[in-house]
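Visitor: show me how the following folds:
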Amino acid sequence: MGRRPEGAKLLRIGLVGDTHVNEAEEFSASPYPANAQANPRARAVFHALRAMEPDFVVHLGDMINPVPELPTYRDAARNFKDIAAILQSPLYVVPGNHDVGDKPVSWMPAGQADDHSIALYTDCFGKHFHDFEHAGILFVALNASLINTGLPLEREQRQWVESLLAANRGRRCFFFIHYPPFTTSEDEPGSYDNIDEPGRSWLLGLIRQYRPEAVFAGHVHNFWYNRVGETELYTLPSTCFVRHDYSEMYRIGPGDQNGRNDAAKLGYGRLTIYESGHVLDIVRTNGATIAKDGAGEAPLCGEPVNTRLVAFDRVGIDMQQPWAEVVEITPSGGIDEFERKKARNDYPVLAMWEMGIRRMRLPIQDLVDPGVRRRIETLREIGHVGHFHCYGQPAGPQMAALLEYRALVDCLEIVVNWEGPQTDLAWMSDLRERLDVPILMSRVNRKDGGKHMGGRYNHLISHGFSLAEADELRAFQEANEHASAVAGVMIAVPNSTPPAQAAARASRLAAELNKTMCLYLRTSSASPAEDFFDDELNAARVVEAIAAVAGVSNVQLILDTFADIDRGYFARSGLVDRRYNPKVGSRAVASLLRAIGTGEWRLVEDEKENQDLILALEDGEGGRLSLRTRDGCKLPYLEQRTAGDATRTIELAQQALSPIDRTRQRA
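Guide: Now for the predicted structure:
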């Protein structure tokens, strides 16, 4: 799959999973209140899918909650069909373990898939493995519960799919299955949440041999992204509840119902297939409900933003917090009770995708660590940009990793001790030649604010040049024979400096020195003991910085805070919370990057009488973006004017856009 989809859109597909529809409205055999909301939540999602007008919808399994041996199975099946009947598009279903029985697992009390449960499923829902075609593309639906059963039906499914793929070798295809082959690594032990051996190796062998473009799974009620060769593997969330044992992945309390009702993690998928490539968007429903009598609302579904659709890659995030962390999930008396399973938190990746941000500022330790490096390799394949940094001259394992994996390095930021001899940088020239990647220079400020502040030593580290040090950079450029090895300079922008002002000054300095300037936007206050948790002010600062940098081609931007930092030094707001759920900041970034799109913008001066104007961008073809303030609001709004002089207002904190107002014409 390429970094960006190409060509026309061929298909728009709705993907929904794990609705767990109950046999009665607002009732569930499960003791959790979230489960009792399954029907209203599923109804809201199907209303949203109808509004989406997809070419078809695929349900990834666990359509209903009662398992086949319960007498309420058929009642739940009827309820599911009633809820899904609102669709005007074809609906294809894949059997889940609640629909057709569990995979072979001896320690769980629910019944396993067998001839009787499969007969019940086919009577209620139809074929339990099948294929279909749209737009010349082959789609394959598998019954994961059959794998490893040894039943004649397992052999039948194997022979069928192997023959199907052999007959369609080289044809574009997609797989749908309930259990994912794995969640975190191909060699992870079997658990309740994946496909066991030897069936896993059989399925992965098929994937490697026939190279479907993507595999979509459900079952685990959380999001994961993996790759097997050229094939992308997505595990989608539930519409009903979160598998809350995975709340172990977050360094914060689990939340409502011990994490089961983490409503921001409920959702469905919108898959767009292009002539080349595809884009999957996860629509977070936040637990939206529609009752049987019609009360309630479908979840808000705005225009998608995705890293694969956003060409603007000069804005990045400092990945200070663990972003590819593998944690051990504590057995807690539910499932998988006999050993701890390991799981990687992929919600940071989803949060980046939802904002449209591809550039990641990473310490070289991430390149040295084999597990994290594999994630970098995976994300690199879909267009993420690696901005690596280190203090001083890299050596030992750092240097070895840089040389061996330099294909993953888009630029290298080196923080130097500027108080030392500035002429001793011959190693930087050598490094530039050996790596053949741009080198950005930063400085460590070991005496920030002076040695003494009110009789107390300021025992803090900061990094980055300031714009006030332009003369030092000019002197370095003129006097140091190795200055040409430096492609760019890191500029720290404190919380007190307006980002648009910093971007304009940095652009002028970049032009003068013929180097790229990379702004490091600090969102904390000056004191490490002072909290800064004003989400709207933080979002306002971030969108101003992004818009300003979009208008000057020689300046990049790194945002210093991804998720909330609520402990340690410089506590401050992030773009997302500690569960990597969206906040006003992430929604604002997504809306702005959607508007910036693939255009080339320039920062322009505007009428002085427009007191509400923060900055304006023009694209040279009549398009204009104006970032404006509004009385009583901390977060600005965006006014977009098209080449045809039509305008519309974009509320940056919302996902939906207002219609274009063709009555507001330019004077």
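Visitor: confidence-wise, which helix or strand of the chain is lowest on average?
Guide: Across the helices and strands of the chain, mean confidence by mean pLDDT, DSSP states H and E is lowest for strand 452-453: a mean of 38.
Visitor: can you report how many residues neighbour Glu469?
Guide: Neighbour count for Glu469, taken as other Cβ atoms under 10 Å: 18. C-beta here means a position set from N, CA and C on the backbone, and glycine is covered the same way.
Visitor: ok, the one 5 residues further on next?
Guide: Counted with other Cβ under 10 Å, the burial measure for Arg474 works out to 13 neighbours.
Visitor: Leu584: what's it in contact with?
Guide: You called it Leu, but residue 584 is Val. 535-536, 539, 635, 653 (Cβ atoms under 8 Å, 6 or more residues apart in numbering).
Visitor: now, which of those sits nearest Gln88?
Guide: Ala653 (31.7 Å; Cβ to Cβ).
Visitor: please identify which helix or strand holds that closest one.
Guide: Counting by DSSP states H and E, no helix or strand carries Ala653.
Visitor: thought Leu635 was touching it, still the case?
Guide: Yes: counting by Cβ atoms under 8 Å, Ala653 touches Leu635, with 5.9 Å between them.
Visitor: between those two, which contacts overlap?
Guide: With Cβ under 8 Å, 6+ apart, Ala653 and Leu635 have common neighbours 539, 584, 588.
Visitor: Throw those into CSV and include secondary structure and distance to Leu120, thanks.
Guide: Formatted as CSV, the shared contacts of Ala653 and Leu635 follow (DSSP: H, G, I helix; E, B strand; the rest coil; distance: Cβ to Cβ, whole Å):
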residue, secondary structure, distance to Leu120
Ala539, helix, 51
Val584, helix, 47
Ala588, helix, 49
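Visitor: pLDDT and distance to His47 added to those residues, as TSV?
Guide: Output for those, formatted as TSV (pLDDT from 0 to 100; distance: Cβ to Cβ, whole Å):
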residue	pLDDT	distance to His47
Ala539	95	30
Val584	94	26
Ala588	95	27
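Visitor: could you export these as CSV, including distance to Gln365?
Guide: As requested, these are exported to CSV (distance: Cβ to Cβ, whole Å):
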residue, distance to Gln365
Ala539, 30
Val584, 32
Ala588, 31
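Visitor: just the residues you listed now: which is nearest Ala135?
Guide: Once Cβ to Cβ is applied, the member of these that ends up nearest Ala135 is Ala588, at 35.4 Å.
Visitor: what about Phe223, neighbour count?
Guide: 20.
Visitor: from what I can see it touches Asp281, true?
Guide: No: the pair Phe223 and Asp281 does not pass the contact test of Cβ under 8 Å, sitting 11.7 Å apart.
Visitor: would you mind measuring from Asp75 to Asn22?
Guide: Asp75 sits 9 Å away from Asn22, going by Cβ to Cβ, to the nearest Å.
Visitor: okay, and the common contacts of these two?
Guide: Pro66.
Visitor: more neighbours: which of those two?
Guide: Legend: neighbour count by other Cβ under 10 Å for Asp75 and Asn22, higher for Asn22 (26 against 16).
Visitor: residues contacting the more buried one?
Guide: Going by Cβ under 8 Å, 6+ apart, Asn22 touches 28-29, 35-36, 38-39, 64-66, 76, 79.
Visitor: could you identify the buried members of these?
Guide: Buried subset of those (neighbour count, 16 or more other Cβ atoms under 10 Å): 28, 35-36, 38-39, 64-66, 76, 79.
Visitor: any chance of these in JSON lines, plus pLDDT?
Guide: Putting the buried ones among the contacts of Asn22 into JSON lines (pLDDT from 0 to 100) gives the following:
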{"residue": "Ser28", "pLDDT": "89"}
{"residue": "Asn35", "pLDDT": "95"}
{"residue": "Ala36", "pLDDT": "96"}
{"residue": "Ala38", "pLDDT": "97"}
{"residue": "Asn39", "pLDDT": "97"}
{"residue": "Ile64", "pLDDT": "98"}
{"residue": "Asn65", "pLDDT": "96"}
{"residue": "Pro66", "pLDDT": "95"}
{"residue": "Ala76", "pLDDT": "97"}
{"residue": "Asn79", "pLDDT": "97"}
